[in-house]
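Enquirer: Pasting a predicted model and its sequence here:
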Amino acid sequence: MFTKLAELNDDAIATLGDSLGETIDAEIIGEEIKSGVSELWQVLDGDAYCVTRIEPGELVIVAFGGKGLLQVTDAILKAAKSQGLQSIRFHTNRPALARLVKKYKPRHIEHIYRIDCDG
């Protein structure tokens, strides 16, 4: 179901699309994958890709793109629990995502804003 990849490739970038954020975010995420801070997963034989990282007590879904989120959510939750993590956090620019995973009772915890220094 999940295959770990060493770095972002063109297919992963295309599938993750907007979930990678702005260009600078995609570059940072790519570097995090190369350095081992984050991990890139090919999901369901390439139908989706997922970038994750572990923070204290928490699995962070950095980016998810493609099809099959509902199919893999149970497996992601099980993996987090097996590592002794207490929660899963995801950032999204698609608020409707919370409705897709409503059976897991996601809580809204923050808004994120970016101010460009150049104006």
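Expert: Thanks, I have it. Residues are numbered from 1 along each chain as shown.
Enquirer: Tell me where this structure has strands.
Expert: 2-5, 39-43, 48-55, 58-66, 87-90 (DSSP state E).
Enquirer: just for the protein, where's the confidence low?
Expert: Residues of the chain meeting the criterion pLDDT under 70: 119.
Enquirer: circling back: got the strands of the chain as CSV, with distance to Arg107 columns?
Expert: For the C-beta atoms, the positions are set from N, CA and C on the backbone; glycine is no exception. Output for the strands of the chain, formatted as CSV (distance: least, CB to CB, whole Å):
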stretch, distance to Arg107
strand 2-5, 25
strand 39-43, 24
strand 48-55, 17
strand 58-66, 13
strand 87-90, 9
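Enquirer: Can you report how many residues lie near Val43?
Expert: Counted by other CB atoms under 10 Å, the residues lying close to Val43 total 23.
Enquirer: Gly65 is in contact with that one, correct?
Expert: No: in this structure, Val43 is not within contact of Gly65 by CB atoms under 8 Å, at 9.5 Å.
Enquirer: returning to that earlier point: out of the strands of the chain, nearest to Gly17?
Expert: strand 58-66 (5.2 Å; CB to CB).
Enquirer: That closest one - contacts with which helices or strands?
Expert: Counting contacts by 3 or more CB pairs under 8 Å, 6 or more residues apart in numbering; DSSP states H and E, strand 58-66 is packed against helix 10-16, helix 23-35, strand 48-55, helix 69-82, strand 87-90.
Enquirer: okay, those in TSV with distance to Ile115 and mean neighbour count next?
Expert: Formatted as TSV, the helices and strands packed on strand 58-66 follow (distance: least, CB to CB, whole Å; neighbours: other CB atoms under 10 Å):
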stretch	distance to Ile115	mean neighbour count
helix 10-16	25	16
helix 23-35	14	15
strand 48-55	24	20
helix 69-82	31	15
strand 87-90	23	16
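Enquirer: Could you say which one of the ones you listed comes nearest to Arg114?
Expert: helix 23-35 (9.4 Å).
Enquirer: Return that closest one as PDB; C-alpha atoms alone will do.
Expert: Taking Å, rounded to 0.1, in the frame of the first residue of the first chain, the C-alpha atoms of helix 23-35 are listed here in PDB:
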ATOM      1  CA  THR A  23       7.300  26.900  -5.000                       C
ATOM      2  CA  ILE A  24       9.500  27.700  -2.000                       C
ATOM      3  CA  ASP A  25       7.500  25.200   0.100                       C
ATOM      4  CA  ALA A  26       8.000  22.500  -2.500                       C
ATOM      5  CA  GLU A  27      11.800  23.200  -2.500                       C
ATOM      6  CA  ILE A  28      11.900  23.000   1.300                       C
ATOM      7  CA  ILE A  29       9.900  19.800   1.400                       C
ATOM      8  CA  GLY A  30      12.100  18.300  -1.200                       C
ATOM      9  CA  GLU A  31      15.200  19.100   0.900                       C
ATOM     10  CA  GLU A  32      13.500  17.700   4.000                       C
ATOM     11  CA  ILE A  33      12.900  14.400   2.100                       C
ATOM     12  CA  LYS A  34      16.500  14.200   1.000                       C
ATOM     13  CA  SER A  35      17.800  14.900   4.500                       C
END
